[in-house]
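[1] Below are the sequence and a predicted model for it; my questions follow.
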Amino acid sequence: MSDEKEFDVVFLGATGFTGQLLVEYVYNRYGLASDLKWAIAGRNQNKLESVARNVAGDDADSIPLIVTDSNSESSVTDLAQRTRVVCTTVGPYAMYGNELVKACAINGTHYCDLTGEVQWMRRMIDLYETTAQSTGAKIVHTCGFDSIPSDLGVHFAQAEMQKNHGTYAREVKCRIGETKGGMSGGTVASMMNMMEEMKTDPSLRGLLADPYSLNPVNTPPGTDKQDQMGASYDHDFRQWTAPFVMAAINTRVVRRSNALMNFIYGADFKYTESMAVGDGPAGYLKAMAIAGASALMGLVSAFDPTRALAKPMLPAPGEGPSRETIEAGFFNIELLAKGLDKDGNAANVKVKVTGDKDPGYGATCKMLAESAICLAQDELETEGGVWTPSTAMGDVLIKRLQENAGMTFECLAVVPALDN
């Protein structure tokens with residue numbers, strides 16, 4: 001199949017809130033005169049024209065526009081055949097992503113998205129991984145705040161562990177530190193849709209509770225258990241920790257990465273993720289409050305009447321924070337890789353991953369854009385299949401994110417072992 005396509009990347013969902021931020025980033029970073037051939041796509045011609053004008057002003061007519069219906073097989077097939085990569089922000093993906101992934105897999109077109117819908121990712125893996133392997137299409141989910149900082153953070157920490165101690169860590173703890181940003185309307189919509197799906201398919205409860213639900217079929221499970229639900233003290237970080245809302249997605253992505261690499265970190269590799277909220281009584285109270293709020297949100301979203309009451313109070317798809325809020329946002333994440341050095345002695349590495357702008361919007365749109373361009377233009381060793389960000393793009397994407405997207409990956413400490 002020829003690589004000669006009309007476009008390198010088509011950004012689908014350009015008229016949505018996140019989609020417009022994405023287009024703005026691409027225009028400001030890469031412009032229209034670079035070697036990147038890109039277009040924007042959506043359902044409505046007039047809205048696409050408006051986005052182009054808002055982003056590019058007098059250059060608006062130079063941005064190619066493609067009218068596409070995500071649920072039309074013929075429409076998304078035509079789209080997939082015109083470009084090397086489709087980058088989509090159209091969610092919930094379980095509602096609007098099926099035909100697009102199918103078309104990309106069949107036509108050998110690379111694909112990336114922002115989904116955090118574990119049940120849908122499992123479905124896409126089962127349905128289209130073999131097809132993508134045969135056509136060379138790289139299908140890469142979770143290319144935003146979930147799950148690039150976690151997945152690439154582990155990749156970076158393990159590389160530092162290997163460089164400094166000659167082995168890979170058998171355990172990585174990821175702790176979300178000081179972060180400023182709002183909840184995404186798209187994330188809320190995806191969560192609500194997942195609850196609706198469970199009404200008709202109760203088996204999804206078991207899938208979502210399985211720590212290894214995204215691993216390749218017939219691979220052995222490891223020793224990780226349910227994600228953290230309550231307050232817990234972490235002696236390595238010397239802080240109280242609380243549940244992190246994205247952990248149920250990120251942990252499964254990281255474990256899939258290990259499995260896709262033939263368990264390079266070990267079949268017994270452990271990965272946990274939570275929020276670090278401080279030491280002492282104040283840290284304990286904060287951890288308890290977050291844990292309580294998380295449990296309450298789970299209960300509210302689980303039942304039809306309470307879900308209906310909550311929906312008007314939560315951000316809707318297409319809604320987002322102000323420009324000032326997006327610009328003022330940031331995130332800080334630390335990861336501790338624990339293991340043994342090549343002589344069998346305890347050895348650890350601690351790394352830090354940071355990003356500017358609101359994690360769910362400003363930072364996410366930059367991560368997604370760079371993932372799409374990486375798939376389109378960079379030399380990658382992976383063949384076709386359904387990959388995670390780290391297994392598809394790894395160090396190449398880390399380099400892009402540090403050079404272009406306001407992210408840092410930094411080694412903080414290399415020590416024989418941390419005192420508990």
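    Ah, there it is.

[2] which stretches of the stretch 51-200 of the chain form strands?
    Secondary structure of the stretch 51-200 of the chain (DSSP state E, counting those that start in this stretch): strands at 65-67, 83-88, 110-112, 138-140, 171-180.

[3] Quick one: closest of those strands to Asp236.
    Closest approach to Asp236 among the strands of the stretch 51-200 of the chain (CB to CB): strand 171-180, 6.4 Å. All C-beta atoms are positioned from the backbone trio N, CA, C, and that covers glycine.

[4] quick one on the thing from earlier: pick the most buried one from the strands of the stretch 51-200 of the chain.
    Comparing the strands of the stretch 51-200 of the chain by mean neighbour count (mean count of other CB atoms under 10 Å), strand 110-112 comes out on top with a mean of 29.

[5] returning to what we had before: reformat the strands of the stretch 51-200 of the chain into JSON lines and put mean pLDDT and distance to Asp236 next to each item.
    Below are those laid out as JSON lines (pLDDT from 0 to 100; distance: least, CB to CB, whole Å):
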{"stretch": "strand 65-67", "mean pLDDT": "98", "distance to Asp236": "50"}
{"stretch": "strand 83-88", "mean pLDDT": "98", "distance to Asp236": "37"}
{"stretch": "strand 110-112", "mean pLDDT": "98", "distance to Asp236": "33"}
{"stretch": "strand 138-140", "mean pLDDT": "98", "distance to Asp236": "31"}
{"stretch": "strand 171-180", "mean pLDDT": "96", "distance to Asp236": "6"}
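
[6] mind checking which of those is nearest Gln158?
    Within the strands of the stretch 51-200 of the chain, the stretch nearest Gln158 is strand 171-180; the backing value is 7.4 Å (CB to CB).

[7] would you put the C-alpha positions of the closest one in CSV?
    The C-alpha coordinates for strand 171-180 follow below in CSV (Å, rounded to 0.1, in the frame of the first residue of the first chain):
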residue,chain,number,x,y,z
GLU,A,171,7.8,-1.8,40.7
VAL,A,172,6.9,1.8,39.8
LYS,A,173,4.9,4.1,41.9
CYS,A,174,3.3,7.1,40.2
ARG,A,175,2.2,9.9,42.4
ILE,A,176,0.3,12.9,41.0
GLY,A,177,1.6,16.0,42.7
GLU,A,178,0.5,19.7,42.6
THR,A,179,-1.8,20.1,39.6
LYS,A,180,-4.1,22.8,38.5
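
[8] From the rest of the structure, what touches that strand?
    For strand 171-180, the external contacting residues (CB atoms under 8 Å, 6 or more residues apart in numbering) are 150, 153-154, 157-158, 234, 236-237, 239, 241, 244, 250, 254, 269-276, 328-339, 358-359.

[9] Show only the entries of those residues found in helices.
    150, 153-154, 157-158, 250, 254, 328 (DSSP state H).

[10] Only the buried subset of these, as a ChimeraX command please.
    Remark: buried members of the ones in helices among the contacts of strand 171-180, expressed as a ChimeraX selection using 16 or more other CB atoms under 10 Å:
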select :150,153,154,157,158,250,254
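
[11] For Pro221, which non-adjacent residue is closest in space?
    Once flanking residues are discounted, Pro221 sits nearest to Tyr212: 4.6 Å by CB to CB, 6 or more residues apart in numbering.

[12] One more: Ile40?
    Spatial nearest neighbour of Ile40, excluding adjacent residues (CB to CB, 6+ apart): Ala14 at 3.7 Å.

[13] And the one you found, which helix or strand is it part of?
    Assigned by DSSP states H and E, Ala14 belongs to no helix or strand.

[14] so can I have a markdown table of the strands of the stretch 51-200 of the chain showing distance to Leu207?
    Formatted as a markdown table, the strands of the stretch 51-200 of the chain follow (distance: least, CB to CB, whole Å):
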| stretch | distance to Leu207 |
| --- | --- |
| strand 65-67 | 34 |
| strand 83-88 | 23 |
| strand 110-112 | 22 |
| strand 138-140 | 19 |
| strand 171-180 | 23 |
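
[15] which stretch among these comes nearest Thr391?
    strand 138-140 (8.8 Å).

[16] Check which residues of the strand or helix carrying Lys366 are buried.
    If you go by DSSP H and E, Lys366 is part of helix 364-377. Neighbour-count burial for helix 364-377, counted by 16+ other CB under 10 Å, picks out 364-376.
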